[in-house]
Each structure stands twice: as C-alpha cells, then as structure tokens.
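Asker: starting from these lines, generate the structure:
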Amino acid sequence: MRKLLFLFSIFALVAAASAQQVFTGSMTLQFGGYWDGKRYVDLRGTKIPYVAEYIGPIRADGQVIPARGVRPGHRFGDTGIRMLGGEDAPEIYRNDNGTYFTSNAEFPIPSALDDMRIAASGVNQAWKTLTVGISSATTSTFLIRWKVYYQFSPGLGPGVQAFLPHPPAPNRDFGGYFSVPIEGNYLVTFNIASVGCNTPQAQSYFVQQFRWPQIPERGEGPFAEGFVQTVFSGGFPTIGNSEDLFYYDWDPVDGIYDETEIDNFGGQPNEAANFALVATAGGQQDTVLPTSFTITTGIQQSGNLGSLWFSDDNRLIIREAPPIALGLPSVRVMIEGGVSPGQVAGFEFQMEARVPTVGNNVPQVIELFNFNSNQWVVWDTRQATTSDSIVQIVIPNNPTHYISSNNQMRARLSWYDPGNLIIPGWTAQIDQVIWKINRP
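Answerer: This next block holds a predicted model:
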C-alpha cells in the first residue's frame, strides 16, 4: 500500500460575516441506464436538480481559507438536502463531519472508489438525494460519472478490475455535465430520485470520476486531472460504515480499480480516507421538483429554475405577450419534473402564483399531461389572484397515466387576456411548482 503522505488542503466549518454561497440548477444525464428486471431503462436526458454549497477556496500553496458566512452549528450539505426534499427521507449513509480535505495538484484524484456500508434500513430503498464533495479549479464544463459496485473480488492482481458490477445485481453507472460558477470546493446535493438508484445489499462500493466531455458521450473522456477532484471528510461515517481506505486510480488513471491501488492518507490529521458523502432513501412521500421549464408564450423577465422549487417569494416572472391566435393564452409555460421509479398510490400537484394588479380579471388554467392518452388534461380553471395563492390538485385515480415511461411528469400553466384589460405589460409570477408523490 502506498500511503498518500503528500500535502493536503484542510478547511473547517466556521462562522463569519459574509453570506453563505448556495447555487442551484439542474444537471442533464448524458449517459447511463440499468436493467429493471423487465426492460432496459435509458437515463439519457433525465434531469436531476442540484444545490451546490460553497465550502472554501482553492489556493496554490495547498492551504484553504475556511468558508465564510456560515452560522455556528450549520452543517454543509444540509441546506441542499432540505431544499431538495431529502429531509423527508431517512439518511442511510452520512460521512460529513464538518472538516474536509483534498489532495494538491501533485497527486490529483479525479477518479477514486470508496467502500460504503449503508444502514440496513436503506437496503432496496430508492435513493432520494446524494451529497458529494467536488473540488474544481475550473469553471469549464466537465462530466461527473458515478458507479455503484456490489462485489469485491481479491486475488486478481494489478491492472484487473477488482470490483464486479453484475452479481448479485446490476450496477448503477450514469453521469452528466456540471460546472461551478467560481473555482473552489463544494458540497453538492443532487436529487436523484428519478434515476432509480438502490442497493440490494448494505455493502457497496461508490465510484466518483471527473472527466472532460466527449462527442458522442459515453463517459470515457479524458480525466480532468489537475482540475477537478473528490473532496474527503475527516473522521468516520456517523450513519453507515466505511474503512479507513479508498482505491486511488493512479497507476495508470484508467477507470480500473485493482486491488493494488488501495490507499489512505496515513492517519491523523486527515482521518479518515472516506469520501464526503451523504445519501437519503425511502420515505412515504416524494417531492418532485421541476427540472426544466419552457415558455411558449410570454417574455421571461426574471427568475430561473430554482425559483420554482420553494415558496420563498423568489419568483419566475413572465410578461404577457400577444398570443399567436385568438383563444390562446398571453402567458404559457410548460414545466417538467422527474419522479423516482416504483409504485405510486396517488399524487398531488401544487402551484403558488400571482398576477399583480390585474389578476382578478385574468383566467388561469392548469393542465397535466396524460401520457397514456397522449394529451393535455385540464384539471383546474379559475381567476388568478393579485397576491400569492396556492392551487392543489389531487390525483387519486390512475396516477401512473401522468408519468412517462422514463419517469417524467409534465404540467402546463396558462394565463389569458380577457380582452378588456387597460394595463399592458402585466406579468404572471410563479413562486412554486411541485408534485407530491404518495407511495403505497
């Protein structure tokens, strides 16, 4: 075993005056899929929301200035878990102890594997959120590739993959393009409910790789050595278990994890050699967040995808525009979200919105797309309101008709000009759109 006794960067949780930096977005999977026992599920095009929390900068001297603007007692990653609905599901693995470290540029780690034993309650439960540590010295787009293996086979020697993907169950292998707004170290929480990731046993092996994009994308592009690498968290998991070791893909960097590449950081002060990683799974209700929106009529004035996730007065604001034909709306937006595979007992669609000044005179229509009949179905028609109001639509019967074969859901929101408004330039302002999925 070659001990990693190189310089490392350490940054810890502190409180300071400036604001905590949190970034939101949606990552589109570029490749990946799995066999569900009946068919191959292709994950390409699946959108997964994320929340990235900045936890400290990268410095050339190997030191990292602690993150600033964080209140005492705050745990990085918890913000993303809460925002993406993970707090509704039990944590099945947690290795996030408030102290983090990375290797320096001399020994970059763009490809590594860590053992993880999840809590017994998480076996065969669909993962809801996944929080990982990413250190990026670039704002360029790169590919994140994740794999989950289930079996270690010793005795195969150097240059031979020691981890088996298939028995006793198919592995998960998927990835998408990602970038950070500023160079630095992050804990990023992804809502991977729509991916259908679960582990059929407690013991598994988690792979995280960072590569440059390739066309066509197969997840095999050059590794982003010296630019992007994994963040580790000091100490041992508080939920689940992991040994003080990982597999450092370094000789050569080829995506093969052989038994001779086992490594650690030599003990204190960077104890132990475990990825910063938190996973939640299960729960009786899933909250599906929008992963994309398309404005087909109207002009976007402000807001973004993250504006639709929470009831927080951060709104997606769309200005009215003349419809292309009589009877069509002046504002129309289509919104999509991804739900985790599995049985669905029913669901609820919820929207919070307003149309200031003229809302009481503007008809508002909510439609949901029925994938079984391949058509839009009107579920709610009412006058808009000038202040925020919430519409809740409960679908108790045939809920799966509104979920596509690749686990997508779709809603269409419309606002109509009745023809007698005296105030031009009115806006529809959407504060939140979510689906709440009930499990049997």
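
Asker: surely Asn438 touches Gln343?
Answerer: No: Asn438 is beyond contact range of Gln343, at 9.9 Å (criterion: C-beta atoms under 8 Å). (Glycine included, C-beta is placed from N, CA and C.)

Asker: and the two? Which one has more around it.
Answerer: Taking other C-beta atoms under 10 Å, Asn438 and Gln343 do not tie; Asn438 has more neighbours (17 against 9).

Asker: tell me the bridge partners for that one.
Answerer: Applying DSSP bridges to Asn438 yields these beta-bridge partners: Gln285, Gly346.

Asker: then Gln151?
Answerer: Leu164.

Asker: correct me, but it touches Thr199?
Answerer: No: with contact defined as C-beta under 8 Å, Gln151 does not reach Thr199; the gap is 11.8 Å.

Asker: those two - which one has more neighbours?
Answerer: A count of neighbours by other C-beta under 10 Å puts Thr199 above the other of Gln151 and Thr199, at 25 against 17.

Asker: can you tell me the SS state at that one?
Answerer: Following DSSP: H, G, I helix; E, B strand; the rest coil, we place Thr199 in the coil state.

Asker: tell me where the model's unsure across this structure.
Answerer: Along the chain, segments meeting pLDDT under 70 span 1-20, 35-37, 39, 59-77, 85-87, 104-105, 165-171, 266-272, 440.

Asker: dump the strand or helix carrying Asp173 to CSV, keeping only the CA atoms.
Answerer: Taking DSSP states H and E as the criterion, Asp173 maps to strand 172-178. Taking C-alpha atoms only, strand 172-178 is exported to CSV below (Å, rounded to 0.1, in the frame of the first residue of the first chain):
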residue,chain,number,x,y,z
ARG,A,172,-25.6,1.8,-11.5
ASP,A,173,-23.5,3.8,-13.9
PHE,A,174,-24.6,7.3,-15.0
GLY,A,175,-23.3,10.8,-15.4
GLY,A,176,-23.9,14.3,-16.6
TYR,A,177,-22.3,17.6,-17.3
PHE,A,178,-21.6,20.0,-14.5
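
Asker: tell me the strands beside that strand, with direction?
Answerer: If you go by DSSP bridges, strand 172-178 pairs up with strand 22-35 (antiparallel), strand 142-149 (antiparallel).

Asker: and the longest one, which residues are buried?
Answerer: For strand 22-35, the neighbour count (16 or more other C-beta atoms under 10 Å) marks 23-27, 29-34 as buried.

Asker: swap in stretch 41-52?
Answerer: Applying 16+ other C-beta under 10 Å to stretch 41-52 flags 41, 43, 46-52 as buried.

Asker: can you give me phi and psi for Gly234?
Answerer: phi -70, psi 150 (degrees, to the nearest 10).

Asker: same question for Glu261.
Answerer: phi -90, psi 10.

Asker: now do Leu156
Answerer: phi -80, psi -20.

Asker: what's around it, how many residues?
Answerer: 14.

Asker: kindly report the same for Trp379.
Answerer: 16.

Asker: Gln350 is in contact with that one, correct?
Answerer: No: Trp379 is beyond contact range of Gln350, at 11.8 Å (criterion: C-beta under 8 Å).

Asker: so what sits against both of these two?
Answerer: Listed contacts common to Trp379 and Gln350 are Ile393; contacts here mean C-beta atoms under 8 Å, 6 or more residues apart in numbering.

Asker: which parts of this protein are helices?
Answerer: If DSSP state H is used as the criterion, the helices of the chain fall at 78-83.

Asker: wait, Gln300 touches Glu320, no?
Answerer: No: assessed by C-beta under 8 Å, Gln300 is found out of contact with Glu320, at 11.8 Å.
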